[in-house]
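Q: Need coordinates for the following:
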Amino acid sequence: MTGTDRAPEAELDLVVTRRTDEADGVVSLVLRRPDGGDLPVWEPGAHVDLLLDGRDAAAGASGHAGPEGLTRPYSLCSSPGDRGTWRIAVLREPAGRGGSAHVHDRLAEGDTVRVRGPRNHFELAPSPAYLFLAGGIGITPLVPMVEEAERHGRTWELVYGGRALGSMAFREELRGRYGDRVRPWPEETHGLLDLDTLLGTPRPGTLVYCCGPEPLLKAVEEACRKWPEGALRVERFTPGERTAPVRDGTFEIDLARTGRTLAVPPGRSVLDVVEAAGVEVLTSCREGTCGTCETEVLAGEVDHRDSLLTPAERAANDTMMICVSRAACPKLVLDL
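A: Purely as a prediction, here's the structure:
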């Protein structure tokens with residue numbers, strides 16, 4: 001889904017109605033409207049942004065922290081059929097940028113938190129069969145995908161890797177609902193996921209969905225090189241490796257809505273430049289992983305540097321993540 005066809009996003013003040021310790025270092029929050037009304041419709045793979053108070057963010061930490069606070073994306077891991085509640089799960093990351101610490105240390109049942117979304121760059125495409133591969137907190141977007149595959153009577157299996165059984169959120173919930181089709185794979189007893197067995201032979205009519213830490217994603221991408229193009233879909237919580245920019249120098253951006261032309265020098269992002277010029281743009285991760293700042297490209301060639309768009313979406317050249325992507329030509333025309 002590109003910025004040109006994305007549904008309008010809601011911004012809601014929701015109440016934390018339940019907080020649960022799901023695993024070692026993982027807490028889940030169930031969110032509801034104060035009036036109990038319906039929440040916006042969403043599909044498996046979607047995430048929402050939590051707009052958090054940034055006053056307790058570490059001084060000098062990288063990322064989006066300031067007077068408006070911290071904005072952090074989290075996958076929805078509840079049931080899309082439940083219009084009354086949203087559930088997210090958050091892994092405490094001691095070396096993170098303040099968002100997970102805020103959720104773990106400051107959000108309690110009864111608190112109100114501002115939430116924006118939903119947004120989806122990890123849609124579940126129709127397929128006769130699915131292989132779901134999760135690593136750690138990467139289980140979160142796959143929970144509703146499994147439910148959707150089951151609801152439609154598709155063939156599927158989930159292989160769920162983690163450091164230890166105690167670190168694997170929703171393991172018992174998933175095993176209780178789906179039995180042996182959910183295969184926990186704790187590294188402390190099983191080692192790393194056996195990707196040679198799982199992916200060594202392409203399976204006709206099967207889509208592979210994978211979410212987890214970068215080493216797992218890279219290993220899965222390598223193991224799927226012999227699979228048909230488009231058979232693998234991944235979601236990254238952290239940015240992948242980036243090569244040097246296509247162009248070293250300054251480039252220009254024309255803002256079609258305002259008629260302004262701005263220069264983007266080396267070392268500054270398009271997002272930095274438009275924000276400094278007073279143009280309001282929705283942002284979240286600022287790393288090219290969430291899709292919040294996706295912007296329509298009206299003319300020019302993009303040096304795509306995000307971790308979201310598929311090769312086909314990049315080739316279309318009609319949208320870009322302005323937090324990280326740059327120009328591969330002297331000038332871009334943007335729908336801003």
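
Q: is it true that Pro144 touches Asp82?
A: No: counting by CB atoms under 8 Å, Pro144 stays clear of Asp82, with 10.0 Å between them. Where C-beta positions appear, they are placed from N, C-alpha and C, glycine not excepted.

Q: Tell me which of the two has more neighbours.
A: Pro144 (24 against 13; other CB atoms under 10 Å).

Q: Checking that one next. Helix, strand or coil?
A: At Pro144 the chain is in helix, as set by DSSP: H, G, I helix; E, B strand; the rest coil.

Q: Likewise for Arg175?
A: From three-state DSSP, the assignment for Arg175 is helix.

Q: what's the answer for Val30, then?
A: Looking at Val30 with three-state DSSP, the answer is strand.

Q: Under a three-state scheme, what state does the residue lying closest to it once chain neighbours are set aside occupy?
A: Counting by CB to CB, 6 or more residues apart in numbering, Val30 lies nearest to Arg18, which is 4.0 Å off, once chain neighbours are set aside. When classified by three-state DSSP, Arg18 comes out as strand.

Q: show me the contacts for Arg18.
A: Ser28, Leu29, Val30, Glu109 (CB atoms under 8 Å, 6 or more residues apart in numbering).

Q: same deal with Val15?
A: Contacts for Val15 were tallied using CB under 8 Å, 6+ apart; they are Leu31, Arg32, Arg33, Pro34, Gly110, Asp111, Thr112.

Q: doesn't it fall inside a strand?
A: Yes: under three-state DSSP, Val15 falls within a strand.

Q: From Cys77, how far off is it?
A: Between Val15 and Cys77 the computed distance is 18 Å (CB to CB, to the nearest Å).

Q: got the phi/psi numbers for Gly179?
A: Torsion angles at Gly179 (phi, psi; degrees, to the nearest 10) stand at phi 60, psi -140.

Q: so how many other residues sit close to it?
A: Residues within reach of Gly179, counting by other CB under 10 Å, total 8.

Q: quick one, domains of this structure?
A: As recorded under automatic domain parsing, the domains making up the chain are 10-119, 129-236, 251-334.

Q: And the last one, end to end?
A: Yep, that's domain 251-334 we're talking about. 13 Å (CA to CA, to the nearest Å).

Q: Let me see the mean pLDDT of that domain.
A: Domain 251-334 carries an average pLDDT of 92.

Q: Also stretch 214-227?
A: Rounded mean pLDDT across stretch 214-227 is 95.

Q: Next, find the distance separating the most centrally placed residue in the chain from Val324.
A: By CA atoms, centre = their mean, the mean C-alpha position of the chain lies nearest to Cys290, the distance being 4.7 Å. According to CB to CB, Cys290 and Val324 sit 11 Å apart.

Q: Give the residue farthest from the middle of the chain.
A: Counting by CA atoms, centre = their mean, the extreme residue of the chain relative to its mean C-alpha position is Gly259, 32.4 Å from that point.

Q: Confirm Thr243 sits in a strand?
A: No: counting by three-state DSSP, Thr243 falls outside a strand, being coil.

Q: List the contacts of it.
A: By CB under 8 Å, 6+ apart, no residues touch Thr243.

Q: Look up how far Asp38 lies from Gly81.
A: Using CB to CB, Gly81 is found at 12 Å from Asp38.

Q: Same check on Thr289?
A: Where Asp38 is concerned, Thr289 sits at a distance of 29 Å (CB to CB).

Q: Same check on Cys290?
A: Using CB to CB, we find Cys290 at a distance of 24 Å from Asp38.

Q: just Arg87 next, same as before
A: Distance from Arg87 to Asp38, by CB to CB: 15 Å.

Q: more crowded one of those two?
A: Set side by side, Arg87 and Asp38 show more neighbours around Arg87, with 22 against 9, by other CB under 10 Å.

Q: Done for today, thanks.
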